[in-house]
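In: Show me the folded form of this:
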Amino acid sequence: MSAIILYLWDIVLRDVTKEVTATSMWSKLKSLYMTKLLAHRQFFKQQLNSFKMLESKTIKKQLTKFNKILNHLENIEDENKALV
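Out: Model (predicted):
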């Protein structure tokens, strides 16, 4: 349990201080943050699916935006793997 506490920010730690076991602490963390993770993944998948190249913008700007969307999705997938 102390290993989990070491990696938590103060604001997150406040949410789980009442938990007495590592299992209950982990369950509380999952319930707090998995739903946010799923919402973020859905948002960026929607942005990726609706992404269109526009003639009014430079290719560089559009590729930068496209790569940002992909990076966000990759980070979310990495966070998802870390939580499971």
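
In: Quick one: name whatever helix or strand follows the one helix or strand in the chain whose mean pLDDT sits lowest.
Out: Least confident helix or strand, the chain: helix 2-6 with a mean of 71, by mean pLDDT, DSSP states H and E. Toward the C-terminal end, the helix or strand that comes next after helix 2-6 (DSSP states H and E) is helix 10-16.

In: buried residues in that next one?
Out: residue 16 (16 or more other Cβ atoms under 10 Å). For every residue, glycine as well, the C-beta is placed using N, CA and C.

In: mean confidence score for it?
Out: The pLDDT scores in helix 10-16 average 77.

In: And for stretch 55-63?
Out: On average, stretch 55-63 scores 94.

In: Figure out the length between the terminal residues of it.
Out: Terminal residues of stretch 55-63 are spaced 13 Å apart (Cα to Cα, to the nearest Å).

In: that older thread, helices or strands up against the least confident helix or strand of the chain?
Out: helix 22-50 (3 or more Cβ pairs under 8 Å, 6 or more residues apart in numbering; DSSP states H and E).

In: So which bits of the helix it packs on are buried?
Out: In helix 22-50, counting by 16+ other Cβ under 10 Å, buried: 25, 29, 41, 44.
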